[in-house]
Each structure stands twice: as structure tokens, then as C-alpha cells.
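> Can you look at this prediction? I've put the sequence above it.
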Amino acid sequence: MLSLAFKNLFAHPLRSLLTIGALSIATFLVSFLASLVTALDVGLEGSGVRRLWTQTAVSLFASMPQSYEQKIENVEGVDDVVKFQWFGGDYIEPENFFAKFAVEPEGFAAAYPEMKMVQGSMEDFFANRRGAIIGDQLLERFPEFEVGKIVPLLGTIFPNEGGKAWEFEVVGVYTAEEPYIDRSAMFFHWDYFEDTIDALEGVPPEVGTFVFVPEEGADLDVVAARVDELFAGGPMRTLTTTESEFNRQFIGMIGSLPRFLSFLGAGVFVAILLACINTMLMAAREQTHDVGVLKALGFSDGRIFTLMLAQGLALCCIGGGLGLLLAKGSEPAFQDALARYFPAYRVTDQTLLGAAVISVAIGFVAGIIPAIGARRLSPVAALRANV
Amino acid sequence: MSDQSMIQARKLTKVYKRGGETLRVLDELDLDIDAGGFFALMGPSGSGKTTLLNLIGGLDDATSGQLIVDGTDVAELTGSELAQWRSDNVGFVFQGFNLIPVLTALENVMLPLGLTPLSKSEQRKQAEYALELVSMSDRMKHRPRQLSGGQEQRVAIARAIATDPKLILADEPTGDLDRDSANAVLELMTKLNQELGKTILMVTHDPLAAEFATNQIHLDKGRLAEVRERGAKSGAAAAGQLGGE
Amino acid sequence: MVPISYTLRSLFVRRSSTLLTILGIAATVAVLAGVLALQQGFDRLFAGSGSESVAVFMRPGANAEGESQFPRDKAQTLIKGQPAIATDDQGRPLAAMEAYVALRLPRIGGGETNVPVRGVEPLTYAIHGDSVRIVEGRWPVPGTDEIAVGNKLVERMQNCRMGDVLPLNLSPMRVVGVFASDGPYGSEIWGDLDRILDALERANPNRVIARVVDGTDLEVLNDELEVDPQVPAKVQSERTYLSNQTGLLSAILITLGSFMAIVMGAAAVFTATNTMLSAVASRTHEIGILLSIGYRPVPIFVAFILESLVLGLLGGLVGCLIVLPINGIETGTTNFATFTEVAFAFRITPLVLGVAVAFSLVLGLLGGAWPAWRASRMRPTEALRRM
């Protein structure tokens, strides 16, 4: 019975191949779009990490006075606070965008134990005032950033003297297993940053983010509330959240993009569903006569139904399986290609499972429509049909 | 020949509605066919031959009247019971052979055996035996396209007898064949009738083909026109008992 | 030539299969057109709205006003001393300083997003002229804690209706007007320059805008000012500035749209090929008749290609009909150049429709090529025999 289903598929190898091709493309596209959404949602992971971020409550683009550092460190449950500042800056031109931060190296290394050095070491970073460490994905994108080389950055938010480029020496390359760690970023010395700005403008730079890990046993919510209460009266109100909560809010700000991608996914789904139903109906029409013969031989309506359904499911399982292989197989290529926009592009098991369910669902619908038709077909009418 | 009745039709009527027209294809037909005979069903186009065959084979429902085939009231059976009944009791042979093109000769013959409780190896054995009966053992692995018309029809006959039904229904089995192939098929059917005791009902246009049958039944406008035994000259129309007596 | 009615009637005879194929192509075309409409709407909002006679002065090196800082003293020097700046009928230079910060504000319906708040001077309105106009209430009184909100924000953001009070860091600001703009200003909040800078603890405005004297070549001016020792500045027309803002998102959308179109297009071509193969197969006998009458292979090839093109065209038209209702629908998306949310409408422009229809014809052509070739290569005797 099943063998008959398979043999029918092979009766029109080209057609079955085309359908399988369309299906694998659909499954691949659905997985691809879902993986983009995964990449956006990646900040939601790592919720177990006990890192708090203090930023201004007013704007992502506003900073806080340096005096806040001491005040936060005095809060009960807080030990050491690390200053971060978003640097901006262009490497040659704005299109070469990647994240660059001024950080306090020792505190930074302590707060981010997830980062593993693959070239150089954190000690090299601590020792070199103009040193910078970069993520391994950034090195892949700009192979010229090898250890020992100088990276020139044109200041956009923080211009250097006379519009000259800032120069940082690459002293180490880090990687991380955790997907929420940005592996295409660059970190350099706060002190070097501060001294340069201070000399140029006569005032030290403000701080974009204070990062700290509360003491063992301290309640994160309580600590965050204590910090924010401290600055409720100004001069800049603050908002202290866990790192993953901040990421979640940040993704929320991107707004309609995930919804838009889902909308595209739905379009793909509909198009391919129609295509598969079409193929299965064409196949069924050509099998009308065979259905008549089988019925005359005593095959019950139920068996005919199963036969037709099996054909649809078989096609979709093959096509869907290929699509899943394609999605998983192309993962590294897309990680490279999308490193700039979606650095956390990953095809997760859930994505694969979801896409598999969708392709089986398409197969089911595409199989069941002609199956119902074949089941209802009167044997006399079926036999009269032209081959 | 057994004097047991195989088919009993009483006031059998079939009406088709096509567009606004009603077409009375079978008109209160009474017919009795005894088990063990080889009957040729003849008549002009539109006389109801094929419709009658389809009703007997359970492929179609009668509009009214009664039809008992081998003791079973066919009209009483539901869809899946009817399918099971067909599989157990009737073998079909068609004008266009109707082999499944994607399956080999052996697989085609095994097809109806798949509906029986037989194991795969038993199915295969029985199908091989059926092919042997029709002298097609050497072509078992061929696809229908690789066979001649006569060979295809012999495979189709093997498929019809694979489950060992008592009744074989043949619709113009020689219509698409040349004279030599046709004669071979007809001889084969005679052999099934005489040696295996199958009751055969064969629709045909061809008077030469009809000569192979033990009896000829003529229909006209949905009614019984004439019944004739082999060798007998044209007899009077009769709506009575038929058979080998 | 094979009569065109043959082609059309053949499509009608197989209408369920034709319909499904058309719908499949339509879904593909609709996805492409949807992405393009998004890109067009965004592009038109920015590139289509800026004025050529308004100049934007930023600090050299800055790519967007959020990155730029323009100290007051330097701004004053520029405004008073730059001959390219036009004057009003009272002889005042038509120039104004502006502050620009993206605020974290709560959306109606949950979540936060980044809304630009702009500190303006009284002359700002005159510089923008008719492209920014009040539609409800009035403009804020200079020097007070009053604000006007862009009309696109009223229904999207909390505390943005007339009379509402919107807290800006520690300063409550009252909404006294709603304004509209052809450009992205409609998604902004405008208030008094000094009050906004005060509330946000900022020292410097971000940019200077000015109406320039007719015939000013801004590129020449830019070359001069970039190296000016007193007031170094980067100058662009407002139009150029706004066009540059769309680059990244446009690139993402066009890349995404093309990628989806190619991949889904491949699936659609597979389906169209399937449909046409089945059409050719079921009409083998007819082809035999045509050949035996004396038709040459070329007209037969043309007839089938035409059939496939009609199929593609119908799919394209239906696809356009499907996306037409999204024309004018307002949505918000992130402008990645400033990471603020901009409300804009999908625009189904003639360009979008043209691309969609051309794409559908290409799908039809590719899908029909192989089946049509096969049909034209049949031998009459074989075609007639295979009844």
C-alpha cells in the first residue's frame, strides 16, 4: 500500500522533484525567518545572569555624571561598579558599523566571566593603556584587526583633537559560548578615553552605563530599587535592570520588525500550501482512473483515502526534511553574512521542530483535499475518466 | 454445471439524469444466471450492457428493483461492505486492461491479495500461480508499458482470478485486441470457465467472441431481447429461466 | 500562430489548477510588493520631504544629529557671520540652534520606544515654512515648559494628547499643540531649546539649521567650513541629511525583499512548471492534432509560453490587489540611523506595482519555458497515439 504511494510519486519524477523543491524552499524560508526572530530575542536568554545595568531612565542616548559611581558603590549589596560608555565612531566609514565601548578593564573582566580569550589575555589588556580586545566574529569580518595591529576610529560622538582618528591597539581576541554575548564588539580602556576627552574639552566624559554584579545573596530587585531611589530627585533619573531585562526592552523598541517578519512567513506559508495542494490535485486527477480500478478490485474508500493522504505526507516529509537540512546547513553562512544586523542568528531546535510541524501540516492539508475527493469518487465515474 | 443461481435480477431499473433529460438505461429487467456458465452479454450501444455489469459488480447502485448475486442482496451493502464483497466475490476484466502503470505485472496481480489476510509470501505465491495459469510467468517483472495488449489483458485476467472469486465480470475484454490476441484471451476465459468452474459474464460487441460463450444474452433498450444457447439458432425472446439445462 | 483564444480557454478549462497557481504566484508577488511598499513609504518620508534650501550644520565627523554637539558660542558665531544664511524681512538671520535627544517613552498598549524630542528656537518654524504646521492648539511659548507633539505620536504614545503632562526627566511638560509634517518630524516632540537642554542636563545644542541664500552651493560651503579653524562644521541640505538617514533601513529592506523574492520566486517557478507540465501532458493529443494540421513547433512553443505568461500576469495582478489595501496603513519602525521609532505609511507606488508585475511575468516565463519546449518537441505521430 505504502509502496504504491511511493511508486505513484515516482511516476512523475520531475513533478515530484519540483514539489519537493518548492517545499524544501518553504521550510527553509520559514526556518530562516524564525531564526531572525530568534536572533532578535536572544537578549531574553541568560536571564540567570546576576548582572545589573544602571542607565538614565530618560534616554538611551543620555549619560550620567561620573559622581554616580561612588554613590552606587555605597548602596547596600553593591560592591564594585564598572563604567561603560558607548563610543560610536567609524572605522573608515559608517557602513563598517560595530559596537565599541570604553570600559574599566579589571572590573569588566570580573563582571563578564563568560568571555574567554582565544588570543592574547586579559592581563595584556590590563597592561596596555591603548589596548583593545575584540570579539572573534569581528576579527572574522575585519581580518586586518589582528593582535598587534592598530585600529583607527574616527570619533562621531567623541571627536579626537582636530578631527584625527583615535588609535587602539588590538591586544586580545575573546569568544563566548553564550549567545547573548556580542562577539563582534570592541572594548578599550576607560582611562585612556577619559584622559583624552578631559584634555580636549576640560571636562571628563559622562558614563553611559554602570554595570555591576550585586553581592552574593542580595535580591536584585531590591538592589535595583535602592539605586534608582538614590537618583529619583535628579539630576538624571536612572533605571536599573538586569542585563536580560534591558535587552528585552531594547528589542521591544525595535517594534514591528518581528511582526513584519512573521507576516512574511505567513505569506510564504500560504504560497507554498497552495502550490502543494495544486500538485497533489493534479496528481490525483491523473490517478482518477487508477482509483477506479482499485475500487473495482475491492479497495475500500478508507484505504483509498489513506493512499492519497500518504502521498501528500510523503512528499512533504521529504521536502520538509531537505528544507530543514538546508536551514541547518546554511547556518554558518548566514551567521557570517548577517553578522552586522543579526549577530545572534541561530537555527535552534525549536525552530527546526516548528518548521517540521509546518511542513507536515502542509503535507496533511495538501494530501487530505485530494484524498477526500478520491474517497468520494464513484468507481464507475473514475473508470470512465481518461488516463 | 451447477444448477445453483448466481445472479437474480427482478424488475431491475437504472435511471440516469443528465441535464434535464432522464435516461432509462435498465427498464424493469428480470434476469437469472446460473452458476458455472460462460455468458456473453450483447446488444447495441446504449442497451444497458455495461450498466448491468457495473450493478452486478457492485460498482453502481440500482435505482429500483432487486439484485441478488451469489445469495447476497447487493443493494443492502454499504460502501465499505460492498468493497469487501467485491474483493471476495468478483473479478473484473476491462476493455482497457486497467493495470496500474507504475506497478509490475506481479505487483498488479498481488494488488487485490493485499486486501486478504494472506502473508506477503503467500500473496506472492498465489499471484505467481495466477500468472502461471495465464502463461505470463516469464513476464512477471515487466511493467504494463513493456507488454503487448494481449499480454496486458492476460495479466489483468490473472489479477481478476487472484483471490479466487466465483464470478468474473468482463467488459469488452477483447475490444482493444487484434484477432489472434483476442482468441488467446477468449480461450483462456473458456479454460477458467471449464477447468476452474468460474461463472463468467462478458459484455461484447463481437459475434465471434460471443461464440466462445455457452450462452448469449441480448439486451435492447434496457430489456431482455433474446437468450440463445451455443449452436442454437436465434430463439424467441424470453424472460425466463436461463442456464445450461 | 495558435489562436490566443485557445490559450485563454485552456486556462479556463483547468480553472481550479489555474486558480491555485495564480494564487501561489500572487502570494509570492504580494510578499515582495509588501516589503517594497515598506521601503518606499520610509524612503518617501525621508528623501521626499527634506528641503534643498534648508542647511543642516553639525559637528564634523557626526553622521546624525544625535551624535553631533554644537556649542552655543560657536553656533552664535556661525549664525551671525555666515553670509550664505538668508535673512528675514527684519534682517535677522534665518537660523536656529536645535537640541535633539531620543527619549524612552511608554507606548499606548505597552512597551517603550525611543521618541525624538527636539528643542527649537522661535525662528525654527519660519525656517521650515509650510513643511511643518500646527494642526491643533498652538506652538509652545518660548521659555516655558510647553511642548507640541507630532500628530503621528498622539495615538501611539502615552501622555501625548492635548493638555496631557509629559514628564521629561524631572520636568513636567504640558502638551499645548499638535503639529503635522510631510517628513519624519511628525514623529517628534518639540519644545523650547533652553528648557529642553535644562531638563535633560545638557550643555550644548546638537545642530544648527538655517535657510540659505538662493544659489548657495552647499558642497562648496561644506568644503570651506570643514576646515574652518573657528567654527568647524559639516553642512548638508536637509534633503541630503534625511536621505542619508534611510540608507541602512532601505538596504536591509531591499536585501530582505530581494532575498525573499528570489527564494520564493524559485518555489513559484517550480509550481508554475508543474502546472504547465500537467497542462502539456493532458493536452498531448491536442498537440498531436495541431502538429498534424501543420503547425510548426515554434507557434506551439509560443502558445504554451503565452499561456504561462498569462498565468504569471494574472498572479501578479492578484498579488497587487492583495497588497493594495496596505497602501496608506501607518506603522512604526525603527530608523536604525538614530534608533528612534518613526511612523510612516506603506506606499504602493507605481514603481512597486511595476516591479511586482514584471516579477510575475518573469516567474511565468521561467515556469513555462521547459514545458513549452517539451510540447514543441513532440512528434505528431507519438502525440496522437498517446491518447
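Yep, it's here.
> Pull up the residues of the stretch 101-250 of chain A that are close to chain B.
Within the stretch 101-250 of chain A, no position lies close to chain B (Cβ under 8 Å from any Cβ of the partner chain). C-beta: built from backbone N, CA, C; applies to glycine.
> residue ranges of the strands in the chain, please?
Picking chain A for this. Assigned by DSSP state E, the strands in chain A fall at A:52-56, A:81-86, A:99-103, A:116-119, A:131-135, A:150-154, A:165-175, A:185-189, A:209-212, A:238-242.
> look at chain C instead
Using DSSP E, strands in chain C cover C:54-58, C:95-106, C:112-120, C:132-137, C:146-150, C:165-168, C:171-181, C:189-192, C:207-211, C:234-237, C:330-335, C:340-345.
> Buried ones in the fourth one, by neighbour count?
Read that as strand C:132-137. C:132, C:136, C:137 (16 or more other Cβ atoms under 10 Å in any protein chain shown).
> Quick check: the last one vs residue B:104, distance?
It stands for residue C:137. 85 Å (Cβ to Cβ, to the nearest Å).
> before we move on, back to that, figure out which of the strands of chain A is closest to residue B:201.
If you check each of the strands of chain A against residue B:201 by Cβ to Cβ, strand A:165-175 wins as the nearest, at 81.9 Å.
> Do any residues in that closest one lie close to chain C?
No. Strand A:165-175 stays clear of chain C (Cβ under 8 Å from any Cβ), getting no nearer than 9.8 Å.
> could I get that strand in PDB with only the CA atoms?
This file holds the C-alpha atoms of strand A:165-175, laid out as PDB (Å, rounded to 0.1, in the frame of the first residue of the first chain):
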ATOM      1  CA  ALA A 165      41.300  59.300  14.300                       C
ATOM      2  CA  TRP A 166      41.500  57.600  17.700                       C
ATOM      3  CA  GLU A 167      44.000  54.700  17.600                       C
ATOM      4  CA  PHE A 168      43.700  51.500  19.500                       C
ATOM      5  CA  GLU A 169      46.000  48.500  19.500                       C
ATOM      6  CA  VAL A 170      44.400  45.100  19.400                       C
ATOM      7  CA  VAL A 171      45.800  43.100  22.300                       C
ATOM      8  CA  GLY A 172      43.400  40.200  22.500                       C
ATOM      9  CA  VAL A 173      40.500  38.300  20.900                       C
ATOM     10  CA  TYR A 174      37.600  36.900  23.000                       C
ATOM     11  CA  THR A 175      34.900  34.400  22.300                       C
END
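> Could you please name the strands it pairs with and the direction of each pair?
strand A:116-119 (antiparallel), strand A:131-135 (parallel), strand A:150-154 (antiparallel) (DSSP bridges).
> Pick the most deeply packed of these.
When you average the neighbours per residue for each of the strands paired with strand A:165-175 (mean count of other Cβ atoms under 10 Å in any protein chain shown), strand A:131-135 leads with a mean of 26.
> Let me have the strands paired with strand A:165-175 in TSV, extended by mean pLDDT.
Output for these, formatted as TSV (pLDDT from 0 to 100):
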stretch	mean pLDDT
strand A:116-119	92
strand A:131-135	93
strand A:150-154	90
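> Redo those strands as TSV? Include distance to residue B:99.
Output for the strands paired with strand A:165-175, formatted as TSV (distance: least, Cβ to Cβ, whole Å):
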stretch	distance to residue B:99
strand A:116-119	67
strand A:131-135	66
strand A:150-154	75
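> Of all these, which one is nearest residue A:56?
Evaluated over those, closeness to residue A:56 peaks at strand A:150-154, with 24.5 Å, by Cβ to Cβ.
> Residue numbers of the stretch 1-150 of chain A in contact with chain C?
Counting by Cβ under 8 Å from any Cβ, the stretch 1-150 of chain A sits next to chain C at A:14-15, A:18-19, A:21-22, A:25-26, A:28-29, A:56-62, A:88, A:90, A:94.
> ok, which stretches of the stretch 101-250 of chain A are helices?
For the stretch 101-250 of chain A, the helices defined by DSSP state H, counting those that start in this stretch occupy A:105-111, A:122-127, A:136-141, A:190-201, A:220-230, A:243-254.
> Noted, bye for now.
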